[in-house]
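1. my questions concern the predicted model and sequence given below.
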Amino acid sequence: MTAGTADAGVVPTARRRRAPGRAVRTRVVVTVAVVLLVLIAVGVAMAAGVRTFDVRTPSMGRAAPVGSLVVTVPPGQHRLAVGDVVTFVPPVAEGGGTAARLPYTHRVTAVVDGAITTKGDANGAADAWTISRGDVVGRVVAVLPGGGWALRMLPWTAGGIGLVWLLTGSVAARAPRTAARLVGVSAVLAVVVAVFRPFVALVVTGVDPGARPTAHVVSTGLLPIRAVGPSGASERLLSGSVGQVELPPGSEGAVALTAQLDLPPIGWVTLALVCAVPLVLGVLLARSSRRAPSERVDAADVLTHRTGARPTDRGTDRRTDRSTDRPADSATHRLADSTTDATTDHATTDPATDATTDPATESPVVPTVPA
């Protein structure tokens, strides 16, 4: 019975050892399947003429802020009308030139005899050119705020996270390794955000001179900000919003404006949690890994105090139990016990120790009969 119990305890251990490998294979298969599905979907969309463009200028204001990703489809049989947002390549200016023809994303403001006039929502005037239907790359059907920022930062973020994974791979213990990776990934994200500044930024598009100069500004970050001028005047701006900030008299040259993060209370709490959670988890994991050896020792001491035996004695006890179940071993033990009892009885017949020997263990004394 004891042997059967020991064998049953070995099977779950083997299963537990095989389970991590099986889980890793499942994750790899799922990841590869997801990547293949995404690549297939992207390939089908590109074959259908779907294109994406990263917005890098604030000309469209709130409709397509800086850092957005616009998705376009070929105009096809769709008739372009006033109000449509299109991505196009402007025609070559008269006189030629070698300047690169970059794509623009602006709104259609007029269509006259096939000539299309466009204008950026944040611009003060219409574009200096007119385009034809052949210049249109596609009609905008979706705007993904922050998608452009994500594509720009993706190579640097992936490279930094890969470097952190390689540097922490030599840490044997799981908890310290996870803690180091959490802190490392947080540091990589902090550096990338500080370099690209996707959350808080503004651009000055122009200054109106006069007795009370005014600066025209556009927020190019993802979060709400407050544009503050040298005199203390300010205006709150959302992502892509256009605003005006009063300047001190005589401010006609370079203008120094600052962008300050302006969040509601719940926004500040959320931002603090997002920044603090990875660091707190890393510290907790590091501390738990330090306490783990002492906790195992304490558990062993408690078990010894309750049962009177160390956990390592269990295997010896089981082996002893299995050995005593065999008849040959039992006879050997009985023979050894009888031999020990005989030796003990002979030793207790010493007259010098009769006074202190237990009567129950004394051997009987045979009287001597004279011849």
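-> That came through fine. Numbering: from 1, shown residues only.

2. mind checking how far Leu263 is from Gly232?
-> When distance is defined by CB to CB, to the nearest Å, Leu263 is 20 Å away from Gly232. Heads up, the C-betas are built off the backbone N, CA and C, glycines and all.

3. more neighbours: which of these two?
-> Leu263 (13 against 8; other CB atoms under 10 Å).

4. tell me the pLDDT at that one?
-> What the model reports as pLDDT for Leu263 is 94.

5. ok, Ala336 next?
-> For Ala336, pLDDT reads 45.

6. same thing with the one 5 residues further on?
-> What the model reports as pLDDT for Asp341 is 47.

7. what's the pLDDT at Thr220?
-> Per-residue confidence for Thr220 comes out at a pLDDT of 93.

8. could you check how far it is from Gly206?
-> Counting by CB to CB, the gap from Thr220 to Gly206 is 15 Å.

9. and these two? Which one has more around it.
-> More crowded of Thr220 and Gly206, by other CB under 10 Å: Thr220, with 23 against 10.

10. that one touches Val204, doesn't it?
-> No - contact criterion CB atoms under 8 Å: Thr220 and Val204 do not qualify, at 10.8 Å.

11. what segments of the protein are helices?
-> Secondary structure of the chain (DSSP state H): helices located at 2-47, 147-168, 174-196, 265-307, 313-324, 327-347.

12. other residues contacting stretch 102-119?
-> Residues outside stretch 102-119 that contact it (CB atoms under 8 Å, 6 or more residues apart in numbering) are 53, 55, 59-60, 63-64, 70, 80-90, 120-121, 125-127, 130-133, 135-137, 140.

13. what are the buried residues along that stretch?
-> 104-108, 111, 116-119 (16 or more other CB atoms under 10 Å).

14. and if you look at stretch 48-62?
-> 50, 52-55, 57-62.

15. which of the contacts of stretch 102-119 fall in strands?
-> Under the assignment DSSP state E, the contacts of stretch 102-119 contribute 53, 70, 85-88, 130-131, 136-137, 140 to strands.

16. is it possible to export those residues to JSON lines including pLDDT and distance to Thr258?
-> Shown next, in JSON lines, are these (pLDDT from 0 to 100; distance: CB to CB, whole Å):
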{"residue": "Phe53", "pLDDT": "95", "distance to Thr258": "30"}
{"residue": "Val70", "pLDDT": "96", "distance to Thr258": "30"}
{"residue": "Val85", "pLDDT": "95", "distance to Thr258": "32"}
{"residue": "Val86", "pLDDT": "95", "distance to Thr258": "35"}
{"residue": "Thr87", "pLDDT": "95", "distance to Thr258": "33"}
{"residue": "Phe88", "pLDDT": "94", "distance to Thr258": "36"}
{"residue": "Thr130", "pLDDT": "91", "distance to Thr258": "40"}
{"residue": "Ile131", "pLDDT": "93", "distance to Thr258": "38"}
{"residue": "Val136", "pLDDT": "93", "distance to Thr258": "39"}
{"residue": "Val137", "pLDDT": "92", "distance to Thr258": "37"}
{"residue": "Val140", "pLDDT": "95", "distance to Thr258": "33"}
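
17. what subset of the residues you listed is buried?
-> Buried residues within the ones in strands among the contacts of stretch 102-119, counting neighbours by 16+ other CB under 10 Å: 53, 70, 85-88, 130-131, 136-137, 140.

18. make TSV from those residues and add distance to Ile161 to it.
-> Formatted as TSV, those follow (distance: CB to CB, whole Å):
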residue	distance to Ile161
Phe53	27
Val70	28
Val85	35
Val86	37
Thr87	32
Phe88	37
Thr130	47
Ile131	42
Val136	39
Val137	34
Val140	32
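
19. with only the CA atoms kept, save stretch 219-239 in PDB.
-> Extracted as PDB, the C-alpha positions of stretch 219-239 are listed here (Å, rounded to 0.1, in the frame of the first residue of the first chain):
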ATOM      1  CA  SER A 219      -1.700  71.300 -29.900                       C
ATOM      2  CA  THR A 220       0.300  68.500 -31.500                       C
ATOM      3  CA  GLY A 221       0.200  66.100 -28.600                       C
ATOM      4  CA  LEU A 222      -2.400  63.500 -27.600                       C
ATOM      5  CA  LEU A 223      -3.200  64.800 -24.100                       C
ATOM      6  CA  PRO A 224      -4.900  68.100 -23.200                       C
ATOM      7  CA  ILE A 225      -2.500  71.000 -22.600                       C
ATOM      8  CA  ARG A 226      -2.400  74.600 -21.500                       C
ATOM      9  CA  ALA A 227      -0.500  76.900 -23.800                       C
ATOM     10  CA  VAL A 228       1.100  79.600 -21.600                       C
ATOM     11  CA  GLY A 229       2.600  82.800 -23.000                       C
ATOM     12  CA  PRO A 230       5.400  85.000 -21.500                       C
ATOM     13  CA  SER A 231       2.900  87.300 -19.900                       C
ATOM     14  CA  GLY A 232       1.100  84.500 -18.200                       C
ATOM     15  CA  ALA A 233      -1.900  84.400 -20.600                       C
ATOM     16  CA  SER A 234      -2.900  80.900 -21.400                       C
ATOM     17  CA  GLU A 235      -5.500  78.800 -23.300                       C
ATOM     18  CA  ARG A 236      -6.500  75.200 -22.800                       C
ATOM     19  CA  LEU A 237      -6.200  73.100 -26.000                       C
ATOM     20  CA  LEU A 238      -7.100  69.500 -26.900                       C
ATOM     21  CA  SER A 239      -5.300  67.300 -29.400                       C
END
